[in-house]
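Q: Here you go, sequence then predicted model.
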Amino acid sequence: MKTGQIAALFSDRLPRRSKLTRAAWAAAMAITVVLLLLPWLFKLDGKQHADWQQFLGRFHPLVVHLPIGLLLLVPVLEIAGARQSALREAAGFVLGLGFIGCLSAVTLGYLLAYGSGDAGPGVTRHMWGGITLTIGVLVCLLARPWWTSRSVPRVYPVLLICVLMLLSWAAHQGGSLTYGSSYLTRYMPAPMKRFLVLGKVQAKTVPGSFYAKHIDPIFDANCVSCHGGEKVKGGLRLDSYASLMDGGKEGAVIVAGKPEQSLLLKRVTLPPGQKHFMPAEGKPPLKPEEIAWIRSWILAGASPAATTVAGVSIHGETEVPLVPVGDYSGFMPEIAKMVNRQGAKLTPVSSKPSDGLILHTEDVAATFSDAQLAQFQKFAPYIVEAELGGTAVTNASFDTLGKFTHLRALHLERTAVTGDGLSKLAALSQLTYLNLSGTKVTEAALTPLRSMRNLHHIYIYNTPAQPATVALSTHAVARKMP
Amino acid sequence: MKQHPLCTDTEHAPSVMDLPIPAGLKQEWASLQTRRRFLGRTGKVLGWAALASLLGDRALSGDAQAASTQSASAAPAAGDWRLPYFAPKAKRAIYLFMSGGPPQMDLLDYKPNLAALYDKDIPDSVRGAQQLTGMTAGQARFPIAPSHWAFQRYGKSGTWVSDLLPYTARMVDDLTIIKTTNTDAINHEPAIMLMNTGNMNAGKPCLGSWLAYGLGSMNDNLPTFMVLQTKVNAKENNQPVSSRLWSSGFLSSEYAGVGLRSAGDLVLYLTDPNGVDREVRRKMLDAVNAINQQTSQELGDPETNSRISQYEMAYRMQASVPELADLSKEPQSTWDLYGPEAKEPGTFAYNCLMARRMAERDVRFVQVYKRGWDVHGDVTGVLPILCQETDRGCYALVTDLKQRGLLDDTLVIWAGEFGRTVYSQGGLTHDNYGRDHHPRCFTTWMTGGGARPGITYGETDEYSYNIVKDPVPVRDFNATILHCLGIDHNKLTYKIQGLDQKLTGTTPASVVPGLLA
């Protein structure tokens, strides 16, 4: 027993024991023994137990932050206490509170794990972290009087440092259970990741495959915190392709080619609030498009390596990721003024500023020319769509448009543009849609656009560039660029 | 201090407007007062709270003076309520409404097993205890009438389509076909109201009005919401289509659909009479507006403001509608696509072409009504006519939008108010049969911005009578349409009669993820 040994080690150097200290040591021993025996008395067998345990247990995440804060305060008080003795006196009290907090957090945490049937290596680590920490704090509490009386000066500081390190580790384990182990590293800059050799862990999927790019990240963000290395609810792990296909206690969750028979899809498409609905515990449901991707991926054979899946065209799935637009709210008065002067409107795409603005010219199309367009250049960083169909703009406007770096859709249908200068649009890395219908644009003028990877839709209906076969074809003239 | 209009003690009683209650309640109270006045009570009505709120909206636009002569929708979007809640896939929608109830098993809901069941009675286990209409409830027998037409598979999706729809068959890979739309109403008027307004009773705003209210206008020179009616064909069984269906209900009448006529002038009295030029018209309108402004200040009836803005809209439409209807610049490829019928105003093909032209001009919502689908009898005689009238137009519209790059952000919807029974109404022969109303399942389709192309959603049983999988009730159908346009159906509400009213009603509705791209 840890505390017993320590006590024996220093017994000859200890100050005289009063009845009170003896009682305190006895109580400490009892608490330690109970804590250490807990995992054997109530085994975490992965089965759910009483609801009241879960109910109380769910206060664990709330309560657990109290002792963390209190314990971090202790060294601060101790150090600051070197100058102001009142602070040092308070440190003991805070440490005591910290211990009570630890004890409550461990109790509630155990109730949570036991009640809801959590098990797995992550849960076990966090459990032992919590128990050891509580015992450690208890020992600190007992050892502190030696330090204040200067009879055994070194034990307490060393113990406190150990306790704080243990605290960080145990708290991190708990965080990983809730948010998933990749939570902290997910958005870490790549050089730092490489430095920390985290990159090697990623080799679990086939790079570039549909599974790696679209399916695995869904599971990672929504499922793995309960069905992963840390917690393995229902015996199901979704953190690798192999374990996904292995399924869980209720058998396979993915039946390749048969979305209707795939349990995973059934569970995520139940009405939210139903008992078996996933993600459970009030976590947000999967997005409709995510469900659609999973369904299509299963339908196409649930392959780990296939790079495309029939029937799925993912909007914004591009080589260059679309950049969210900055907040233009501050410019609104200026934009309103501009709109009143010009007649052309700048309207928000949605109530979310990061979705950007649309330039509408419908009301003043006939008089909207290159000069008018140039005046909007000021707001270019916020404009994601320019509707210039039927306006008086000419080839000269490509100079201006080349500076609309956030443009995703550009309508130039029924304008006088001929395509000279189209190459200036090549700089628009975000552009996915370009409508040139009803213009005089030629096949040759389109050539510079072939290098634009994001540009998926070019419309050239009723132009010299339109292929001859169209008259009454069932295929639209929308062409997919390479 | 102004007095409560109903107060008899003009000396002492306080006004409702002075009570410490939320402004929203005051506004609602004021609008109730206008209704009471309308019902015959005399006396001045205090509606300035409503006026203040309208002015408030303008004040936000940053240029109150300029806005005062324009409609409220002409002001730049101010505040969140006129915006999509999230980035929309579709900016506008075109709704092809097949009034009367197309027979799903003759068009898109292929039931090959029915052929063997010809003239057999539909099993009681299938029909259950469902209420039938008075037209067939008295029938001694309910003999199964298999479809008269053959079906074939089309497109990469291998979708079964009836021989009646050769053009629709060409575009199945673009369509989201929903076999399990279902409604609560079994008769035309309640069903068509439910489909359009989310409620069987008249008085609620329709889908187009909600969109106009929620998203505002993209083109100040044309109405936000336009309705096109197709000429009646006397050979068909035509059910009435009334302006209740494009009414704005309790929303301001600015948001009501503006119907174009199917014959003669598109809009009556839109052209100036001889001797009245544009300037005279402008002066006259200014004078009328000034009088209306006075009325508005005096009575505070929000409808006065709607009227002012509608006069202005009509003035602008004097220029924009002739331009809209001028088909002389359409290239030959248009006529090749829509067919020669499209040159004749009032035909379905013409309306489809007009719908495309409206979409090009950024009209937010266009609804095309085609009547005559109420095939109680002579299905083999009438249905081919109906399909011949509509099939090519639908295909042409979708194809045209697609080639012009408009289908990316336009949602096209094809639907009736209910389906039809698999059993024959009246006598069943090898050559002919009739079909009664059937609310439990019917087939609809959508395509374009936000809809998932090339899929068939939901399954019906082998009689096309009950839904086996994935039902889509009308409220979910409408919630999904709103979703495609960037609207959360639970958030687009208007408080009246103590309820936050919405298109999808009080029964919980949900967006159908399976229909979304």
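A: Thanks, I have it. Numbering: from 1, shown residues only, chains lettered A, B, ... in the order given.
Q: CA only for contacts and neighbour counts going forward, please
A: Fine.
Q: Secondary structure element holding B:Asp431?
A: For B:Asp431, there is no host helix or strand (DSSP states H and E).
Q: can you check B:Val368 too?
A: Counting by DSSP H and E, B:Val368 is found in strand B:365-370.
Q: quick one: low-confidence parts of the chain?
A: If you meant another chain, say so; for now it's chain A. A:1-17, A:190, A:193-194, A:196-208, A:230, A:307-322, A:468-482 (pLDDT under 70).
Q: actually it's chain B I care about, not the one you picked
A: Along chain B, segments meeting pLDDT under 70 span B:1-16, B:31-82.
Q: what about 50?
A: Residue ranges of chain B with pLDDT under 50: B:1, B:40-81.
Q: The strand holding B:Val368 pairs with which strands, parallel or anti?
A: Strand B:365-370 has the following strand partners under DSSP bridges: strand B:92-98 (parallel), strand B:225-229 (parallel).
Q: Can you lay out those as CSV showing distance to B:Gln27 and mean neighbour count?
A: What follows is these, written out as CSV (distance: least, C-alpha to C-alpha, whole Å; neighbours: other C-alpha atoms under 10 Å in any protein chain shown):
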stretch, distance to B:Gln27, mean neighbour count
strand B:92-98, 31, 25
strand B:225-229, 26, 25
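Q: Looking at those, spot the one closest to A:Ala90.
A: strand B:92-98 (67.0 Å; C-alpha to C-alpha).
Q: Any chance you could list what contacts that closest one?
A: Contact with strand B:92-98 is made by B:355, B:359, B:362-373, B:409-417, B:485, as judged by C-alpha atoms under 8 Å, 6 or more residues apart in numbering or on different chains.
Q: Now do the same for B:Asp336: helix, strand or coil?
A: Judged by DSSP: H, G, I helix; E, B strand; the rest coil, the three-state class of B:Asp336 is helix.
Q: Relative to chain A, how far out is it?
A: From B:Asp336 across to chain A, the span is 7 Å (C-alpha to the nearest C-alpha, to the nearest Å).
Q: Quick one, which of the contacts of strand B:92-98 are buried?
A: When these are checked for burial by 16 or more other C-alpha atoms under 10 Å in any protein chain shown, the buried set is B:355, B:359, B:362-373, B:409-417, B:485.
Q: With B:Ala256 as the reference, measure out to B:Ser320.
A: 19 Å (C-alpha to C-alpha, to the nearest Å).
Q: Settle it for me: which of these two has more neighbours?
A: B:Ala256 (27 against 16; other C-alpha atoms under 10 Å in any protein chain shown).
Q: Now do the contacts for the more buried one.
A: Here B:Ala256 is in contact with B:Gly208, B:Ser209, B:Phe225, B:Trp246, B:Ser247, B:Ser248 (C-alpha under 8 Å, 6+ apart).
Q: what sits against residue 361?
A: Because you didn't say which chain, this covers chain A. By C-alpha under 8 Å, 6+ apart, the contact set of A:Thr361 is A:Gly343, A:Ala344, A:Lys345, A:Phe368, A:Glu387, A:Leu388, A:Gly389, A:Thr391.
Q: wrong one, chain B
A: Per C-alpha under 8 Å, 6+ apart, neighbours of B:Arg361: A:Glu362, B:Asn219.
Q: and with 7 Å instead?
A: Shown in contact with B:Arg361 (C-alpha atoms under 7 Å, 6 or more residues apart in numbering or on different chains): A:Glu362.
Q: residue boundaries of the helices in chain B?
A: Assigned by DSSP state H, the helices in chain B fall at B:23-38, B:48-61, B:64-68, B:104-107, B:124-127, B:166-170, B:188-197, B:207-215, B:278-299, B:302-325, B:332-338, B:348-360, B:379-403, B:474-484.
Q: need these in a markdown table with distance to A:Arg125, can you?
A: Formatted as a markdown table, those follow (distance: least, C-alpha to C-alpha, whole Å):
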| stretch | distance to A:Arg125 |
| --- | --- |
| helix B:23-38 | 56 |
| helix B:48-61 | 58 |
| helix B:64-68 | 66 |
| helix B:104-107 | 60 |
| helix B:124-127 | 58 |
| helix B:166-170 | 61 |
| helix B:188-197 | 57 |
| helix B:207-215 | 53 |
| helix B:278-299 | 73 |
| helix B:302-325 | 67 |
| helix B:332-338 | 69 |
| helix B:348-360 | 61 |
| helix B:379-403 | 58 |
| helix B:474-484 | 45 |
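Q: still on that earlier bit, go through the contacts of B:Ala256 and name the one nearest chain A.
A: Proximity of the contacts of B:Ala256 to chain A (C-alpha to the nearest C-alpha) peaks at B:Phe225, which lies at 15.9 Å.
Q: I'd guessed that closest one sits against B:Arg364; true?
A: Yes. Assessed by C-alpha atoms under 7 Å, B:Phe225 is found in contact with B:Arg364 at 6.1 Å.
Q: Pull up the overlap in contacts between these two.
A: Joint contacts of B:Phe225 and B:Arg364 (C-alpha under 7 Å, 6+ apart) do not exist.
Q: ok, back up a step: deepest of the helices of chain B, which one?
A: For these, the largest average neighbour count (mean count of other C-alpha atoms under 10 Å in any protein chain shown) is found in helix B:207-215, namely a mean of 26.
Q: Tell me how far that helix lies from the chain's centre.
A: Relative to the chain's own centre, helix B:207-215 is displaced by 10 Å; criterion: C-alpha atoms, centre = their mean, to the nearest Å.
Q: Now do it against helix B:188-197: the angle between them, please.
A: Calculated by axes from the mean of the first three to the mean of the last three C-alpha atoms, to 10 degrees, helix B:207-215 forms an angle of 20 degrees with helix B:188-197.
Q: returning to that earlier point: as TSV, the strands paired with strand B:365-370 with distance to A:Val33 would be great.
A: As requested, the strands paired with strand B:365-370 are exported to TSV (distance: least, C-alpha to C-alpha, whole Å):
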stretch	distance to A:Val33
strand B:92-98	70
strand B:225-229	76
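Q: residues in contact with the residue nearest to B:Trp246 when sequence neighbours are not counted?
A: Take B:Trp246 and drop its neighbours on the chain: the residue closest to it by C-alpha to C-alpha, 6 or more residues apart in numbering or on different chains is B:Gly257, 5.0 Å away. When contacts are counted by C-alpha under 7 Å, 6+ apart, B:Gly257 touches B:Gly208, B:Ser209, B:Phe225, B:Met226, B:Val227, B:Trp246, B:Ser247.
Q: Quick one: residues contacting the residue lying closest to A:Met278 once chain neighbours are set aside.
A: Closest residue to A:Met278 apart from its sequence neighbours, by C-alpha to C-alpha, 6+ apart: A:Val268 at 4.8 Å. A:Val268 makes contacts with A:Phe277, A:Met278, A:Pro279, as judged by C-alpha under 7 Å, 6+ apart.
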